[in-house]
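*Asks:* what's the 3D shape of this:
(2 chains)
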Amino acid sequence: NAGVTQTPKFQVLKTGQSMTLQCAQDMNHEYMSWYRQDPGMGLRLIHYSVGAGITDQGEVPNGYNVSRSTTEDFPLRLLSAAPSQTSVYFCASSYSVSLRTGSDLAFFGQGTRLTVV
Amino acid sequence: SQKIEQNSEALNIQEGKTATLTCNYTNYSPAYLQWYRQDPGRGPVFLLLIRENEKEKRKERLKVTFDTTLKQSLFHITASQPADSATYLCALPKDSNYQLIWGAGTKLIIKP
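*Replies:* Numbering: from 1, shown residues only, chains lettered A, B, ... in the order given. Below is the predicted model of the structure:
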């Protein structure tokens, strides 16, 4: 049982390049999300999904796309990388989609450290 | 707007003492609050959840309190050990159904 697996762990991109960060979970969780973590700031939600075929924007969605074709996978695409997207990216999953009243804990991947030069 | 604040300064504690971390929030009434631990280069790991109708929750050397009047949660580690050194994050559900908001975390350093 691997939990949440993210790849790659490190990546350097040039401005304007595109790439996809991969995320897979093997816990049959309905809810999956992508966060970015910057120094001195809390985790900020980029996009999330409440099930296969359903995605929505979080707090900071600009410059990123997601899709959810299966329950297991939730890739994050950077369309045209910018230095402002230099950050550590985390994928997380939870069993419950109802976060307001539910209490399911979030499982996180190991993170991807992305540098855009 | 909904906001969470954690002490941004690192907390230095002598081994064996109790460490207390604070999480304050404004402008809403969450149904629960979660605490996570994050080690350098790793993703956050869930520690404890406390609901709005619970005053206190314990797990081994960990204790969390939740004061909905003060809009504050306190996270205690008793008999602290150097292995407890990490960054501790709090998280609450946003008013919308599908989002958590996170504090920036407090770095805890336990000195031998």
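
*Asks:* can you list the weak-confidence ranges in chain A?
*Replies:* For chain A, the stretches with pLDDT under 70 are A:1, A:97-103.

*Asks:* where do the strands sit along it?
*Replies:* A:4-7, A:10-13, A:19-25, A:31-37, A:44-51, A:54-57, A:64-66, A:76-78, A:87-94, A:107-108, A:112-116 (DSSP state E).

*Asks:* roughly how far is the third one from the heart of the chain?
*Replies:* Taking C-alpha atoms, centre = their mean, to the nearest Å, the mean C-alpha location of strand A:19-25 is offset from the chain mean by 7 Å.

*Asks:* next one: stretch B:33-42
*Replies:* Put simply, stretch B:33-42 sits 9 Å off its chain's centre (C-alpha atoms, centre = their mean).

*Asks:* burial measure for A:Phe108, as a count.
*Replies:* A:Phe108 has 23 neighbours, counted by other C-beta atoms under 10 Å in any protein chain shown. Yep, even glycine has a C-beta here, placed from its N, CA and C like the rest.

*Asks:* need the nearest residue in space to it, chain neighbours excluded.
*Replies:* Counting by C-beta to C-beta, 6 or more residues apart in numbering or on different chains, A:Phe108 lies nearest to B:Gly43, which is 3.1 Å off, once chain neighbours are set aside.

*Asks:* for the closest residue to A:Val66 other than its chain neighbours, give its distance to chain B.
*Replies:* Using C-beta to C-beta, 6+ apart and skipping the chain neighbours, the partner closest in space to A:Val66 is A:His47 (4.3 Å). Distance, A:His47 to chain B, using C-beta to the nearest C-beta, to the nearest Å: 11 Å.

*Asks:* can you pull the contacts of the residue most central in space within chain A?
*Replies:* What sits nearest the mean C-alpha location of chain A, by C-alpha atoms, centre = their mean, is A:Trp34, with 2.2 Å. Contacts for A:Trp34 (C-beta atoms under 8 Å, 6 or more residues apart in numbering or on different chains) come out as A:21, A:23, A:45-48, A:58, A:64, A:66, A:74, A:76, A:89-92.

*Asks:* that's all I had, so thanks and see you.
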